[in-house]
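Q: fold the following and give me the result.
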Amino acid sequence: MAHIAGWRGRLRDCLIEVSRGLPVSGPPTDIDAVNAAELARNAGISLDEAATRADRLLGDLIDLWATLGDRPFSWFTATTTGEALVRNSFIHPRRHLAEHYAERGDELRGVELHEETLAELRRVDAPKSVIDVWK
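A: Numbering: from 1, shown residues only. Here you go, the predicted structure:
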């Protein structure tokens, strides 16, 4: 959850830059190094603390998106603020959960979560570019 919170925070910071008319710093270029440093830094954070932070940041992202609307925005392969938000805060955590299930030997649950996510993306008529990221 601390990892999810970290990425939500990075996206929030970029959306704040957009809202202020500033140049957008974008995601870090060396993702593996950022993730490794963050993992070490957050090793002592409880799951509850990390989940609370992740939830708070999700609220911040939703509020920012409500203010900004869906507009052009570059975040990895996302091209709009809406795509970036869905990828960052819906797909990203579910990808890690599906991987977690598979790694602990529950591959069926990982596949089920993958299929549930794909069905939900289709149900809300997510853009093809978002669905393709999940496939």
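Q: tell me which stretches of the chain form helices.
A: Counting by DSSP state H, one finds helices in the chain at the ranges 2-19, 31-41, 47-68, 81-86, 92-103, 107-123, 128-134.
Q: which one of these lies nearest to Ser74?
A: Closest to Ser74 of the helices of the chain is helix 81-86 (Cβ to Cβ; 8.3 Å). (Glycine included, C-beta is placed from N, CA and C.)
Q: what's the closest one packed up against?
A: Helices and strands touching helix 81-86, as assessed by 3 or more Cβ pairs under 8 Å, 6 or more residues apart in numbering; DSSP states H and E, comprise helix 2-19, helix 47-68, strand 72-75, helix 128-134.
Q: who touches that helix?
A: Identification of contacts with helix 81-86 by Cβ atoms under 8 Å, 6 or more residues apart in numbering yields 11, 15, 18, 61-62, 65, 68-71, 73, 75-76, 78, 121, 126-127, 129-130.
Q: by mean pLDDT, flag the weakest helix or strand of the protein.
A: The helix or strand of the chain with the poorest confidence is helix 128-134; it has a mean of 85 (mean pLDDT, DSSP states H and E).
Q: which residue of this protein lies farthest from its centroid?
A: Gly105 (24.5 Å; Cα atoms, centre = their mean).
Q: low pLDDT regions in this structure?
A: Within the chain, not a single segment meets pLDDT under 70.
Q: now the residue sitting nearest the centre point of it. Nearest residue, chain neighbours left out?
A: Closest to where the C-alpha atoms of the chain average out (Cα atoms, centre = their mean) is Asn88, at 1.8 Å. Closest residue to Asn88 apart from its sequence neighbours, by Cβ to Cβ, 6 or more residues apart in numbering: Leu11 at 4.7 Å.
Q: if we can go back for a sec, which residues belonging to the least confident helix or strand of the chain are considered buried?
A: 130-131, 133-134 (16 or more other Cβ atoms under 10 Å).
Q: and which of those is nearest to Val111?
A: Using Cβ to Cβ, Trp134 comes nearest to Val111 of the buried residues of helix 128-134, at 12.9 Å.
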